[in-house]
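Student: when you get a sec, could you give me coordinates for this:
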Amino acid sequence: MINLLYVILCGIALPVGGVQMQYLWRNQLGDIYSLGLGSAACLGAAAATMSGWCSLTVGAFVCQAVCALFVSLVALRLDTSRLITFGIIFGTFVGSLGTIVVTNAPSGELLKQYYLWGAANFKLEGVTTLDIVISLLLFAAGMACACFCSKALTRHYKGEIELSNPAKAGILCMISILVTSVVSICGTIGFVSLGVPNLARVLLKTKDIRKHYLLSSAMGVALLLITYLVVEYCNFGIYLPVSATMALLALPLSIVLFKKQAM
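Tutor: All right, here's what the predicted structure looks like:
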């Protein structure tokens with residue numbers, strides 16, 4: 001049951017975070033991992049796994065929290081376009097640190113454990129009850145902020161207002177909390193945070209972020225549930241990473257929808 005719970009939570013948290021980033025940046029290429037949050041989670045998980053100083057989940061959470069705080073402080077001084085550039089550079093830097101840690105793994109077993117988490121799965125191996133409780137609290141806080149900021153983000157996206165840098169920094173911090181709530185438990189999952197919000201954009205004719213939340217969440221949960229069933233029961237005896245499998249399953253849908261938009 002906990003596995004299915006996190007399939008649902010990931011299907012909600014990642015698309016909602018992606019939608020918020022796109023409205024904040026006024027750019028459909030906005031993604032929750034663009035500011036180095038995914039790289040930070042991988043770095044923390046790698047450091048924890050290789051050193052044994054804490055659980056993989058705690059390591060991912062701590063490193064993501066530090067990264068989110070740093071990016072939020074930077075956001076106080078940069079405009080949106082420069083922040084995007086900074087985020088790409090910063091993410092590359094953090095990812096390089098993670099690569100150094102992983103390539104110096106003391107054993108093949110630890111390396112396998114890290115890569116299985118990094119490829120994303122819902123097995124929740126090594127996850128404690130405390131990890132689950134913290135994760136659920138972070139998810140609740142992130143979703144509450146997403147709802148609270150919805151009107152301001154919609155007006156900002158439409159160009160009716162310009163959010164202040166402190167407001168942007170606060171929203172970025174809360175997006176990272178929402179993302180951390182699931183990524184630290186299940187690993188980094190691509191596509192659903194960028195592809196799903198853009199698929200929802202094709203179907204919706206409104207700029208109301210609340211409707212984007214609802215449709216993106218529904219699509220995200222449906223896509224992850226299908227992926228989970230394929231990975232668990234139709235794997236042909238091999239390990240199928242969630243992210244890769246989901247991207248393959250979503251490709252035909254993406255082609256059909258974007259072709260429909262172009263007509």
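
Student: can you give me the helices in the protein?
Tutor: 2-25, 37-51, 56-75, 80-103, 108-118, 129-148, 150-158, 165-186, 195-203, 209-233, 242-262 (DSSP state H).

Student: turn those helices into CSV, including mean pLDDT and mean neighbour count.
Tutor: For every residue, glycine as well, the C-beta is placed using N, CA and C. Putting those into CSV (pLDDT from 0 to 100; neighbours: other CB atoms under 10 Å) gives the following:
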stretch, mean pLDDT, mean neighbour count
helix 2-25, 91, 24
helix 37-51, 82, 25
helix 56-75, 82, 21
helix 80-103, 83, 16
helix 108-118, 76, 17
helix 129-148, 91, 16
helix 150-158, 93, 18
helix 165-186, 86, 24
helix 195-203, 86, 22
helix 209-233, 91, 19
helix 242-262, 72, 15
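
Student: CSV please, covering the ones you listed and showing distance to residue 31.
Tutor: Formatted as CSV, the helices of the chain follow (distance: least, CB to CB, whole Å):
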stretch, distance to residue 31
helix 2-25, 6
helix 37-51, 9
helix 56-75, 14
helix 80-103, 9
helix 108-118, 17
helix 129-148, 16
helix 150-158, 16
helix 165-186, 10
helix 195-203, 9
helix 209-233, 13
helix 242-262, 13
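
Student: how many other residues sit next to residue 190?
Tutor: Neighbours of residue 190 under the rule other CB atoms under 10 Å: 18.

Student: phi first, then psi, for it.
Tutor: phi -90, psi -180 (degrees, to the nearest 10).

Student: how about it: what's its closest non-neighbour residue?
Tutor: residue 243 (4.7 Å; CB to CB, 6 or more residues apart in numbering).

Student: from what I see, the one you found and residue 191 are in contact.
Tutor: Yes - between residue 243 and residue 191 there is a contact under CB atoms under 8 Å: 6.7 Å.

Student: check the contact lists of these two and give me the overlap.
Tutor: Shared contacts of residue 243 and residue 191, defined by CB atoms under 8 Å, 6 or more residues apart in numbering, are absent.

Student: not counting sequence-adjacent ones, nearest residue to residue 128?
Tutor: residue 55 (6.9 Å).

Student: pLDDT wise, what is the one you found at?
Tutor: On pLDDT, residue 55 comes in at 75.

Student: how close does residue 104 sit to residue 56?
Tutor: Residue 104 sits 17 Å away from residue 56, going by CB to CB, to the nearest Å.

Student: check residue 244 too.
Tutor: 20 Å.

Student: then residue 84?
Tutor: Counting by CB to CB - residue 84 and residue 56 are separated by 30 Å.

Student: repeat for residue 248
Tutor: On the measure of CB to CB, residue 248 and residue 56 end up 26 Å apart.

Student: same question, residue 165
Tutor: Counting by CB to CB, the gap from residue 165 to residue 56 is 34 Å.

Student: over to residue 194?
Tutor: 25 Å.

Student: residue 40 too?
Tutor: 14 Å.

Student: and residue 216, by the same measure?
Tutor: 28 Å.

Student: and residue 204, by the same measure?
Tutor: Taking CB to CB as the measure, residue 204 falls 37 Å from residue 56.

Student: and if you look at residue 130?
Tutor: 14 Å.

Student: and residue 208, how many residues sit next to it?
Tutor: Residue 208 has 14 neighbouring residues, counting by other CB under 10 Å.
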